[in-house]
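In: got a sequence here, can you build the structure:
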Amino acid sequence: MSHSNDSENLIWQLLDVDHVVNDQWIDFRRLSYRMPDGSIFEPYYNYSRRDYVVIVATDEEGRYLTVRQFRQGIRIVTNEFVAGGIEGTDRPDFTKPASPNATPEQALAAAKRELLEESGYESGEWEHIITVPSNATIADNYAYIYRAKKCRKVTGQSLDETEFLNMHLRTKDELETLIKEGQFQQAMHVMAYYMCR
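Out: So this is what the prediction gives:
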């Protein structure tokens with residue numbers, strides 16, 4: 001069954017764009033679209049940010065490396081895996097279909113860097129699990145999910161000036177309890193955990 005005609009009948013046509021904020025962190029846009037039925041929809045807001053990595057990491061005893069930090073979107077301290085932006089990549093052309101923007105080498109290097117900086121651990125066993133759109137409804141960046149096994153502590157944390165986080169080792173049962181109780185609050189991280197099981 002062909003989906004090409006079906007897809008053509010679903011695409012929104014971009015009519016106008018206003019870059020409300022466009023700096024090194026984000027390109028936040030107000031858009032006007034012609035819908036498939038010919039009607040005009042505005043304003044529609046979307047944005048571009050850097051692709052990022054999420055690392056499901058376990059130490060030599062099988063405990064999960066997690067971090068606690070304040071997340072401004074929901075304004076609470078969350079539990080989550082080590083994660084961070086992939087540096088050295090350009091934003092995609094938002095007028096074209098988006099695809100992962102980082103090379104496999106850039107993504108893996110970012111994962112190794114973030115794990116070391118946020119936890120002080122490193123691993124010799126890395127596996128790429130999946131690369132998936134972060135929030136396909138309003139954003140065009142991708143999350144690169146990695147699994148790191150037998151992590152060893154080699155140094156202290158080396159955090160960015162805006163990073164304030166504490167690292168915790170969690171057993172599988174402790175982590176699953178956090179997830180079930182709604183205390184492991186990042187959806188992409190929950191997905192990553194279950195994909196690595």
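
In: for this protein, what's the longest helix?
Out: For the chain, the helix with the greatest residue count under DSSP state H is helix 104-119.

In: and the helix or strand just after that helix, what does it pack onto?
Out: Following helix 104-119 in sequence order, the next helix or strand is strand 121-122 (DSSP states H and E). Packing partners of strand 121-122 (3 or more Cβ pairs under 8 Å, 6 or more residues apart in numbering; DSSP states H and E): helix 104-119, strand 142-153. Every residue, glycine included, has its C-beta placed from N, CA and C.

In: hmm, back to that, go through the longest helix of the chain and flag the buried ones.
Out: By neighbour count on 16 or more other Cβ atoms under 10 Å, the buried set for helix 104-119 is 106-112, 114-119.

In: ok, so of those, who is nearest residue 165?
Out: Residue 165 lies nearest to residue 118 out of the buried residues of helix 104-119, by Cβ to Cβ, at 6.4 Å.

In: that closest one contacts residue 155, doesn't it?
Out: No: with contact defined as Cβ atoms under 8 Å, residue 118 and residue 155 do not form a contacting pair (11.5 Å).

In: so where's the protein shaky on pLDDT?
Out: 1-5 (pLDDT under 70).

In: okay, the residue lying farthest from the centre of the chain and residue 98: tell me how far apart.
Out: Computed with Cα atoms, centre = their mean, the residue of the chain farthest from its C-alpha average is residue 38, at 34.1 Å. Distance of residue 38 to residue 98, given as Cβ to Cβ, to the nearest Å: 25 Å.

In: what does residue 120 give?
Out: Distance of residue 120 to residue 98, computed by Cβ to Cβ: 34 Å.

In: same question, residue 67
Out: 28 Å.

In: how about residue 182?
Out: Residue 182 is 30 Å from residue 98, by Cβ to Cβ.

In: compare neighbour counts for the two and give me the winner.
Out: Between residue 182 and residue 98, counting by other Cβ atoms under 10 Å, residue 98 is the more crowded of the two (17 against 7).

In: nearest spatial neighbour of that one, skipping sequence neighbours?
Out: Leaving out its chain neighbours, the residue that sits closest to residue 98 by Cβ to Cβ, 6 or more residues apart in numbering is residue 140, at 3.8 Å.

In: what's the helix or strand hosting residue 16 in contact with?
Out: Assigned by DSSP H and E, residue 16 belongs to strand 13-22. Strand 13-22 is contacted by residues 27-34, 40, 42, 45, 94-95 when judged by Cβ atoms under 8 Å, 6 or more residues apart in numbering.
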